[in-house]
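Trainee: Sequence first, predicted coordinates after that:
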Amino acid sequence: MEEVTMVIGNNSMVCHDPRNIESIGGIWTQQNPLYFSTPLLLLQLSIISIFSLLFNFCLKPLGQSTIVAQIFGGILFGPSALGHKQLIGTKLFPARSLMILETTASFGLMFFLFSVGVQMDSSLMTKPERKAIYIGISVMLVTLVLTVALSIVLMKFVPMDATLADSLPYIAVAQCLTPFPNIACLLTELKILNTDLGRLAISSAMFCDIIGISLTAVTFAVLQNISSAGGRGGGQSLTPLWSIMSTLGVVGVIIFVVRPAISLSLSRLQPEKSLGERYINIIFIVVLLSGLASEVIGQHFVLGPLVLGLVVPEGPPLGAVIVSKLDFPIFKVLYPTYLTTSGLKTDIFSVNFQASWIVAVIVAFSCLVKIVAVLLPAHFCNLPIRDAVMLGLLLNARGAMELLLYNLWRDGKVLTNELFTLTILSAIVVTAIITPLIKFLYDPSKQHPPTKRSSIQGAAQRDEGLRILVCIQSLDNVTSIINLLEASYASEESPLHATAIILVELIGRTAPMLISHNNHHNIETNNINTSTSCQIIGAFRQYVQYNENCVTLNSFSSITHVETMHHDICCVARDQKSSIVIVPFHKQFAIDGTIGSINRDMQNMNLKVLEQAPCTVGILVDRGILNGSISILANQTPFNVAIVYIGGPDDVESLAYGDRMVRKENVVVTVIRFLLFGCDNARDRKFDNDRIEEVRRAHAGSRRFAYIEEVVRDGVGLASCMRGLEDGFDLMIVGKYHSDSPLLIGLDAWNEHPELGVVGDMLASPDFGTTASVLVLQQQKVGREVVVQTQNAIGDMYNGAMRRSTTSLTPRTTPRTSSAFGNNNIATPLTTTGGMNGLNSNSNGMWSISVNRT
């Protein structure tokens, strides 16, 4: 049976055989599968998904967001473009299939808004900061008043048809909305969600939504009453009131009944056990029931699921599982289908010039007013003008909520097909303009340019102790990091100010969080990775208690996307005035010495930290698991540290770190310097010679310090000599860059990890058979250049170290060196072999070892 279409006025009626649900026999029975609902729906979903990915791939290099690509795909298949063709209009998207397609897409919209609500922190809506309140009220009220006033002026003084005049105030009201799902999606795509600007934007948008959702619910109730009266305005006057009262009742049930029930169920869940499938099934059933309840009381079906999502606890254990379950079927298939169906309804051939420029004036004016509305409170909140303009652009973002509103008004006869097309096009144009504009104008890494040097050398020069920030990825890193802190030396005269950041990937929530654990109750009140956070912070607090009056601790949890986690690290380092940031290497070793796990997102994070950090950066290659992760807090056995020195400012920074470590009683530091044969006295080595000489003077006579020189002819000799360092050390420190040293010629071709440099990559390789952890240091960058301390500043630093030293500068009767090649004693008598050129003594009684490697 063929379908029959009848056109009555502006309405089309389609008669379709209800038995044509699925084809039986298919093409082998000479049936056209596209006449049946199921195969046609599957084809439509496939085409929409494929072309959404294709358009997104093509438009992403132009700086466009995903929503622009998805709506554009619908316009392409609609009557504005390919829909005019017989194949597209009547075969792929026939009138009889649109109801089924839109119904399917409606489920995508409902679960999408529910998922977005789950990911949000509802406290941003109920307890926003003062700045967000001022900006939210200003944006909502100023935009509403001025834009509606402009629409009234245009209606009075500009000739226009009656339908446009009736709809223009509605279009003006829609421009004042700032729905948080739009802002959250845009911030996520721009990867600025966890910046100060991103947090302020999402907080302001969520506060505005208290007014926006209420306004939308009232408008929908009124429209439903008018629609039920046949558009004649004869609806019952009390019907909107009953609808509003029942809406408050449904919202109250969700907040005061459903939310406590969810919290009670989660409180009974044992931390060690994963969330059962029955919890997810019950939640999804409640989502459907909340949508049904919304429709029963005369509201749109998305209201209940959106409010329900806001009361569901974000993050693990429940929120993360819900988001992961909905990620592919909703975010990748059904939600893009809803955006595409909105594009399918647009027809640019129905638009006339007069309506176009009037709507364009309203939309453009509202965008400018919204930016000005942000500038007004920004002046009193000490928000920079540049950031205020960027915030205004962000609050102009368009998305699914505007499309939902326009579709409601189209179905309620508030908007004609012409005005619906214009509003959809306005949403695309505004989003297409602001997204690349924000990308071009706003760079979070340039918001706080460094104004002064921050390094280990500078801290030693000022004699103010060491401020070190460490990043913890998992419990496995804790022992090695605490060992590094303990080896860094702390005393009342030179304290250690430690800052620990627990890195938690943002899963199951949209709003990032930077949680301070400086108060004990802050750990217990956070429901994200509580057990892990307590164990990590507990270990660091034990370390602080062991070094009472010598160590201070500030601890945080950074809960955000890995792609933007470097923002939190750099901001905390800047706020804490850290001299060095320690980040974990992206590869973790297994107990047998092989690579156990690889995290490429962590590698990208490390690269961004190296580029943007306001101080020295160290990447820690943790091999603590290979030697049992033994703590040195109460262990008096020596902790052997090797400083691999080739030359350059990064190696000078490593030398400065070793200079501090050697002051720790059970830490033995060996400086191993590699020299190129025949270039020992070159002028370019004078800087390094002076630095090393000053350190040797500061620790002359100390049994915990030794200096070794290795003379090699090329990179092959360097690699061979490095093999001799495989045993005997617990930690090896090396700089990242070495100023194009001739020793590294040919070795850079084998560099697998650029963030470690050539030598660091060699030491971090699983083929380098050692149990020693490796710390690769890079000095702070200003712009594109590495910050190099002036020669006088470094001289002052080491002169200060000499004044602090209590060891007399007397020559040794028997030269000694720390165990560099396999001996675990603190110091051993030195005997020369055929490979050594001998012992060299200077006028100060200092001894050095020169080894010639061919």
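Mentor: Nice, I can see it.
Trainee: now what about stretch 282-295, what contacts it?
Mentor: Stretch 282-295 has contacts (C-beta atoms under 8 Å, 6 or more residues apart in numbering) with 110-111, 114, 247, 250, 254, 258, 262, 300-305, 307-308, 312, 318, 322. C-beta here means a position set from N, CA and C on the backbone, and glycine is covered the same way.
Trainee: mind listing what's buried in that stretch?
Mentor: Ile283, Val286, Val287, Ser290, Gly291, Ala293, Ser294 (16 or more other C-beta atoms under 10 Å).
Trainee: cool, and stretch 532-547?
Mentor: Those would be Thr532, Ser533, Ile536, Ile537, Ala539, Phe540, Tyr543, Val544, Asn547, for stretch 532-547 by 16+ other C-beta under 10 Å.
Trainee: From the buried residues of stretch 282-295, pick the one nearest Cys471.
Mentor: Ile283 (34.0 Å; C-beta to C-beta).
Trainee: Now that closest one. Its backbone dihedrals?
Mentor: phi -60, psi -40 (degrees, to the nearest 10).
Trainee: Any figure for the gap between it and Val257?
Mentor: 14 Å (C-beta to C-beta, to the nearest Å).
Trainee: Over to Gln354?
Mentor: Per C-beta to C-beta, Gln354 is found 52 Å from Val257.
Trainee: now do Leu743
Mentor: Leu743 is 72 Å from Val257, where distance means C-beta to C-beta.
Trainee: ok, those two, which is more surrounded?
Mentor: Neighbour count, other C-beta atoms under 10 Å: between Leu743 and Val257, Leu743 has more, with 23 against 10.
Trainee: Remind me which helix or strand the closest residue in space to the more buried one that isn't next to it in sequence belongs to.
Mentor: Closest residue to Leu743 apart from its sequence neighbours, by C-beta to C-beta, 6 or more residues apart in numbering: Leu718 at 5.0 Å. Remark: Leu718 resides in helix 715-723, with elements defined by DSSP states H and E.
Trainee: Can you list the helices and strands that that helix packs against?
Mentor: Other helices and strands packing on helix 715-723, by 3 or more C-beta pairs under 8 Å, 6 or more residues apart in numbering; DSSP states H and E, are strand 705-712, helix 757-764, strand 847-853.
Trainee: Toward the C-terminus from the helix or strand in which Thr216 is found, list the very next helix or strand.
Mentor: Taking DSSP H and E as the definition, one finds Thr216 inside helix 196-228. With elements assigned by DSSP H and E, the helix or strand that comes after helix 196-228 is helix 239-253.
Trainee: Buried residues, the helix or strand that that following helix is followed by. List them.
Mentor: The C-terminal neighbour of helix 239-253 among helices and strands, as given by DSSP H and E, is helix 259-267. Neighbour counts over helix 259-267 (16+ other C-beta under 10 Å) mark Arg259, Ile262 as buried.
Trainee: How many residues are close by the closest residue to Pro317 other than its chain neighbours?
Mentor: The shortest distance from Pro317 to any non-neighbouring residue, by C-beta to C-beta, 6+ apart, is to Leu275 (4.9 Å). Residues lying near Leu275 (other C-beta under 10 Å) number 16.
Trainee: same check, this time on Pro159
Mentor: Pro159: 6 surrounding residues under other C-beta under 10 Å.
Trainee: Next, work out how far apart Met732 and Ser426 are.
Mentor: The spacing between Met732 and Ser426, counted by C-beta to C-beta, is 60 Å.
Trainee: Then Asn640?
Mentor: From Asn640 to Ser426 the distance is 68 Å (C-beta to C-beta).
Trainee: go on, Thr637?
Mentor: When Thr637 is compared with Ser426 (using C-beta to C-beta), they lie 72 Å apart.
Trainee: quick revisit: quick one: residues contacting the residue nearest to Leu743.
Mentor: Applying C-beta under 8 Å, 6+ apart to Leu718 gives the contacts Phe674, Val712, Leu743, Leu744, Leu747.
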